[in-house]
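Undergrad: Take this sequence and fold it.
(chains A and B)
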Number of protein chains: 2
Amino acid sequence: MWMSRCARFVLPALRRSPPVLSVRSSRACGRPSLLSRPQRCGHHTLGSASLPEPGRSVRFVGALREERLLQVEWEDGGHSLYPFTWLRDNCQCPTCTLQSAQARKLLIGDLDVNVGLGSVELTADNKVSITWQDQHSSVFDCDWLKRRCFSAAARRAVQEELFLNERLHWDSSLRVPTAHFQEVLEDDEAALAWLLALRRVGLVLLQGAPAQPGQVARLAERIGYLRLTFYGHTFKVQDKPMANNVAYTADKCSFHTDYPALDYPPGVQFLHCISQAARGGENLLVDGFHIVDRLKAEDPQAFHSLSSLSIDFTDTGTDYCAFRLQAKHRVIDVNAEGNVTRINLNNATRDSVLDLPLEQVQPFYRALRALEDMMNREENMATLRMEPGDIMTFDNWRLLHARTAFVSHLDRPRFLEGCYLDWDEVMSRLRILRHKLQRDEA
Amino acid sequence: MWMSRCARFVLPALRRSPPVLSVRSSRACGRPSLLSRPQRCGHHTLGSASLPEPGRSVRFVGALREERLLQVEWEDGGHSLYPFTWLRDNCQCPTCTLQSAQARKLLIGDLDVNVGLGSVELTADNKVSITWQDQHSSVFDCDWLKRRCFSAAARRAVQEELFLNERLHWDSSLRVPTAHFQEVLEDDEAALAWLLALRRVGLVLLQGAPAQPGQVARLAERIGYLRLTFYGHTFKVQDKPMANNVAYTADKCSFHTDYPALDYPPGVQFLHCISQAARGGENLLVDGFHIVDRLKAEDPQAFHSLSSLSIDFTDTGTDYCAFRLQAKHRVIDVNAEGNVTRINLNNATRDSVLDLPLEQVQPFYRALRALEDMMNREENMATLRMEPGDIMTFDNWRLLHARTAFVSHLDRPRFLEGCYLDWDEVMSRLRILRHKLQRDEA
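TA: The predicted structure is shown next:
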């Protein structure tokens, strides 16, 4: 059931072929699926807005000289307004735009922010042609203009298209989306479906990878490149002597995001199971954004503490090379509108240096414990026991992951290989694939 | 004169040897040096706070049970207070701390945030020993405790030590700090002096590098590693056919920071002159933080617009691989206290998609033009004409750089090689070098 919804919500570009994304239950329990009543969140939602359809044409164009606005009336009714200065700034002629880079050549210093419009006309091929008072002329395509309409609804729609900020928040009823490793490598539609679900749900399990090192790097290359860190290009999660990270032991790891000791923690993590433990070693997962929703509702004071107090993270050791890292983060990062944008929590690397006034220390600990208890409620967490060849791909800004303690097979230690990417690279590949497939479809 | 101040301000760890950092004037003009009256900025300043000196000992230790605080009185007078919960959370015993990673093993779920203190005593070797009500015991070193004092002054001092947020804002009177490329590679004190000046002034010119590709990568390896981007591990700034970036032409580039089309623009840039132009090709530089000071004072409305309105940046093309990037930034990034933390401005990649309500468009352009005019005032900019073998190393979050148009030698095109790093890696190396040299000195 969730699959069909998933297909409807996250795969709008894949109408021609059956969805390549399948789902599976990671738990035996039969709770009603939260995702059958999807919670759409994020500060950009499509709502009533929709992207302008291409090919619309202009009925009339005229200047509101007093207001310094160009008015465009569309054939299908409705109108758009464009400031003179913005139009001049975005002149698409070869003098003002470097076509090969699709970048602005016009310098700010050469832009007259009080530019005067001489005349405007609609050309025979339905373009808007402007002659400025200094005789420079600019020609704008209708679709180009329509897409850049300044109405709140049009801007919302474009921002959602560019950033896909809508999220499906989930709890223990999540059926983890899955895809096939090899298909994702070879098939553009499978790759796009994977990245769309990764963006929206925050978690996709890829199956069928060879149970040997090097696969997360192949997957990163499918996107663009991985992010090198002090733990190397990729990292090996194993029980190691003189471990330089608590993940490199056989102990339980509590819910955490990776690497808040970096000022910019990695956006996406791949974790490939090459050899699983004899006992234990399950991965537990929570949707941090869902947890924040719950915390905000049930314990607003804890939410306030964790979204306002900055605390220090630290990480010192030697791996790819020696490192001494320090960073300050709020556990719950919120934007100007108060919406959560990232979770930063790693108890192992939370610094003993605590830069808070004395009276805020105990409220901070109380809030941290409230968050921990919220994450550990059965109703909020998903459990995943990876098999060799499984690759967990997940949003490290949003999900928190934990691991139960484990005992390895005597002859074969538990072994995962991981790597990091940034959302910029993942979203870039997602946009390229979507653009390519939409073009193929057209 | 500035050198001695620089040595005093930025090289406190280098008392044993003569400062390796030298300065030179990049301009012929004889304006009085701004840096002889240093403006100390940033939200963490040492002020009256000072780091605790090591080796101080405890006169008395006792519990304020009602307030759940441990009180420590120091031999030199003064006292510090520590919350019980914080002490228990940071127990340094092998059960609670993974010594090999210097990381916390104690889980939040196992931390009693209402932990009761059984007894506390001062040991013969002047350590604070606590037995908790559940019989677990924790022993704390005096220096370790003193460093973590919760007083505002002590916290300020530790934060300044960890992050070195103090900046010297500069104008056209800047004498660009210089250092020797080979010395920086081979000598730890020279490397530390370089990184301290890079952090504080935002710009250091390294001289004497071989005039061939590969040197910026060597410099990045001196620190740790460079940051791969869609423009490759390193990038070649040359006039290229079908340029995928306006920097890859012979045209003038106006003041910009690199790569605001990334959600996290690179913190540091290295730019190595391998072959200079026959005419033109000078680099112009401004201290963005100084510019923001001026703008705030002279045109608060422009400051308000640029520090509150988020605008879109975009970059599409193919280089290391194909890319379609989108990011939203305020031109002037400020923190919760209203202090500037980063400048994001690149007119070439500023998107024609402008996600602002119609009535904010013209004020935004007016503000952008005001910023541009402020940067282009002679009194604010430094000029640097690199010679082959020079490497400009600078803070890409703070400085804006521009380039005059150029004409290459017929047989030898102008050629710079560049690369990016993040501040995390640079600061990590800085802390390691400082720690090592302080230890050598002790």
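
Undergrad: Apart from its chain neighbours, what residue comes closest to A:A191?
TA: A:V184 (5.1 Å; CB to CB, 6 or more residues apart in numbering or on different chains). Where you see a C-beta, it was placed from the backbone N, CA and C, and this is true even at glycine.

Undergrad: So the one you found is in contact with A:A190, correct?
TA: Yes - in this structure A:V184 lies within contact range of A:A190 using CB atoms under 8 Å: 5.0 Å.

Undergrad: quick one, which of these two is more surrounded?
TA: The residue with more neighbours, out of A:V184 and A:A190, is A:V184; 27 against 23, by other CB atoms under 10 Å in any protein chain shown.

Undergrad: Now the terminal residues of stretch A:247-266, how far apart.
TA: With CA to CA, to the nearest Å as the measure, the ends of stretch A:247-266 fall 16 Å from one another.

Undergrad: Stretch A:144-154 too?
TA: Note: stretch A:144-154 ends 13 Å apart using CA to CA.

Undergrad: show me what contacts the most centrally placed residue in chain A?
TA: With distances taken as CA atoms, centre = their mean, A:R199 lies nearest the centre of chain A, 4.9 Å away. Counting by CB atoms under 8 Å, 6 or more residues apart in numbering or on different chains, A:R199 touches A:L164, A:D395, A:V426, A:M427, A:L430.

Undergrad: Kindly recompute the last result at 7 Å.
TA: A:L164, A:L430 (CB atoms under 7 Å, 6 or more residues apart in numbering or on different chains).

Undergrad: A:T349 now?
TA: Taking CB under 7 Å, 6+ apart, one finds A:P260, A:A261, A:F313, A:T314, A:D315, B:A103 in contact with A:T349.

Undergrad: Just send the residues you listed back as CSV, with secondary structure, distance to A:V128 and neighbour count too.
TA: Formatted as CSV, the contacts of A:T349 follow (DSSP: H, G, I helix; E, B strand; the rest coil; distance: CB to CB, whole Å; neighbours: other CB atoms under 10 Å in any protein chain shown):
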residue, secondary structure, distance to A:V128, neighbour count
A:P260, coil, 49, 27
A:A261, coil, 52, 27
A:F313, strand, 52, 23
A:T314, strand, 57, 18
A:D315, strand, 55, 26
B:A103, strand, 61, 23
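
Undergrad: where does the stretch 101-250 of chain A dip in pLDDT?
TA: Of all residues in the stretch 101-250 of chain A, none has pLDDT under 70.

Undergrad: Run through the strands of it in chain order.
TA: For the stretch 101-250 of chain A, the strands defined by DSSP state E, counting those that start in this stretch cover A:103-104, A:117-122, A:127-132, A:137-141, A:167-168, A:177-180, A:203-207, A:235-237.

Undergrad: closest to A:F60 out of the ones you listed?
TA: strand A:117-122 (7.5 Å; CB to CB).

Undergrad: Please identify the buried residues of the closest one?
TA: Residues of strand A:117-122 classed as buried by neighbour count (16 or more other CB atoms under 10 Å in any protein chain shown): A:L117, A:V120, A:L122.

Undergrad: Excluding chain neighbours, what is closest to the second one?
TA: Beyond its immediate neighbours in the sequence, the residue positioned closest to A:V120 (CB to CB, 6+ apart) is A:I130, lying 5.0 Å away.

Undergrad: Just list whatever residues bridge to that neighbour.
TA: A:V120, A:S138 (DSSP bridges).

Undergrad: Please identify the buried residues of stretch A:373-386?
TA: Those would be A:M374, A:M375, A:N376, A:N380, A:M381, A:A382, A:T383, A:L384, A:M386, for stretch A:373-386 by 16+ other CB under 10 Å.
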